[in-house]
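# Need the 3D shape of this:
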Amino acid sequence: MSISIFTHDSKRTRNGYLNVYLRINFKGKRFLVKTGLTASSQLNGTMFPKNERGAQAKKKRLDNILSTTEGVMAANTGLTPKQMKDLIVETLNPGKADPSKSLIYNIRCFAATKKGRTVELYTQTAKRVEEYDNSVSLDEVDVKWLQGFERKCAETMKVNSVGIHLRNIRAVFNWAIGEEKTQNYPFSRFKIKHEETQKRSLSVKELRLLRDYPCAEYQKPYRDIFMLMFYLIGINAKDLLHLTQKNLVGDRIEYVRAKTKKRYSVKVEPEAMAIIERYKGKKHLIDPLDRFKSHLDWLHHFNDALKAIGKDCRPGVKTTGKALFPNLSSYWSRHTWGTIAAELDTPIDVIAHALGHNIPELKVTSIYIRFNEKKVDEANRKVIDFVNSK
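Okay, here's the model as predicted:
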């Protein structure tokens, strides 16, 4: 009666990893039992290669499998080889691992508690984890695993994009601990990297240039709607496109932001109303969804058109062939409004309320909020007047 570890090139996964088996000799018969583990190369006993992702956790798991199997064999010496194999397979049950311990499973469970775009972000994180290690459990994730995952993602992603996935995983661990699914928390010894992002706001001079630029005809609606977003204090594209005439109450747009479920009330200044009238929609306040299947479909064309302004101009207008703002996107309207408001010495609490930011130290009452809406109206008018000034 003996047990050893068996891997062979003929028994690889679709990803090219070696399946790890127990090779058991029992009463003169040999048979293999799948452990459910994989390795990037041949093992040395139960030792996985040092560069193996989750190597220490996998070794610990394999040691436990060996110990369990030895116990089963020692306690059941009267069985036939076939009976022994069936008992070991049933005991280890590697093909039917408890999904409640799987990291991927828990990411998807956590994503189910979210809504909208957030669900998509966690789904993308689950796919990244699946590409890196589709069998890892919550208890097996350690600092080395996180470092390996970070390196793998960094091959095709920027630092801050990798950070989004790592923060998503961290949020899942915080949730899983609260649900008593695990006590493991690898992030106490792992720091998520972050690098300063490039600017995402236009100066007043740049905004005026964009507003008045003789762009190509197909770009004009996109440029104008960018300005509308700015005049409406950086309203989100999804929220803007789904507004209907019912959201226009007097001289204000009243809506609930899809992402945060917060209620907003923005005064529609004449500059904004002129654009709304110019692009009036059939079912919606403005017309993009009359022509596009969804706000995401439109947003893709919107960002592409903004980035190309400067390359294409009206007939007869000279161009350098270079984009004015090659990184321009819908988010810039919001950042630009906040930046200009700050330059005009607008109080931070007014800017925060205008943009929907939470400042914990500011405990406001409903009366203060109504007062703040007037302050926001004044701030927005001041920002627009400053942009319009010569």
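
# just the helices in the stretch 151-300 of the chain please.
With DSSP state H, counting those that start in this stretch as the criterion, the stretch 151-300 of the chain has helices at 159-178, 204-212, 220-231, 237-241, 270-278, 288-291, 295-308.

# And the average pLDDT for the last one is what?
The reference is to helix 295-308. The average pLDDT for helix 295-308 rounds to 92.

# repeat for stretch 222-242
Averaged over stretch 222-242, pLDDT sits at 95.

# got the buried residues for it?
222-242 (16 or more other CB atoms under 10 Å). No exception for glycine: its C-beta is placed from N, CA and C like everyone else's.

# Likewise for stretch 41-57?
Neighbour counts over stretch 41-57 (16+ other CB under 10 Å) mark 43, 46, 48, 52, 53, 54, 55, 56, 57 as buried.

# Identify the residues contacting it?
5, 7, 18, 20, 39-40, 58-59, 62-63, 66, 132-133, 136, 139-142, 144-145, 148-149 (CB atoms under 8 Å, 6 or more residues apart in numbering).

# From the residues you listed, list just the buried residues.
5, 7, 18, 20, 39, 58-59, 62, 66, 132-133, 136, 140-142, 144-145, 148-149.

# quick one: least confident of the buried residues of stretch 41-57?
Within the buried residues of stretch 41-57, pLDDT reaches its minimum at residue 53, with 74.

# Quick check: it vs residue 145, distance?
Distance of residue 53 to residue 145, given as CB to CB, to the nearest Å: 6 Å.

# so what sits against both of the two?
Residues touching both residue 53 and residue 145 (CB under 8 Å, 6+ apart): residue 133.

# Just checking: what are the partner strands of the longest strand belonging to the chain?
Counting residues, the longest strand found in the chain (DSSP state E) is strand 29-39. Applying DSSP bridges, strand 29-39 is found paired with strand 18-26 (antiparallel).

# how about the partner strand as CSV, C-alpha atoms only?
Provided in CSV are the C-alpha atoms of strand 18-26 (Å, rounded to 0.1, in the frame of the first residue of the first chain):
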residue,chain,number,x,y,z
LEU,A,18,-0.7,19.6,-15.6
ASN,A,19,-3.4,17.9,-13.7
VAL,A,20,-2.1,16.6,-10.3
TYR,A,21,-3.1,13.0,-9.4
LEU,A,22,-2.5,10.6,-6.5
ARG,A,23,-1.0,7.4,-7.8
ILE,A,24,-2.1,4.7,-5.4
ASN,A,25,-0.8,1.1,-5.1
PHE,A,26,-3.3,-1.0,-3.2
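
# before we move on, the earlier item: for the longest strand of the chain, what is the average pLDDT?
For strand 29-39, the mean pLDDT works out to 87.

# now do stretch 87-95
Mean predicted lDDT for stretch 87-95 stands at 73.
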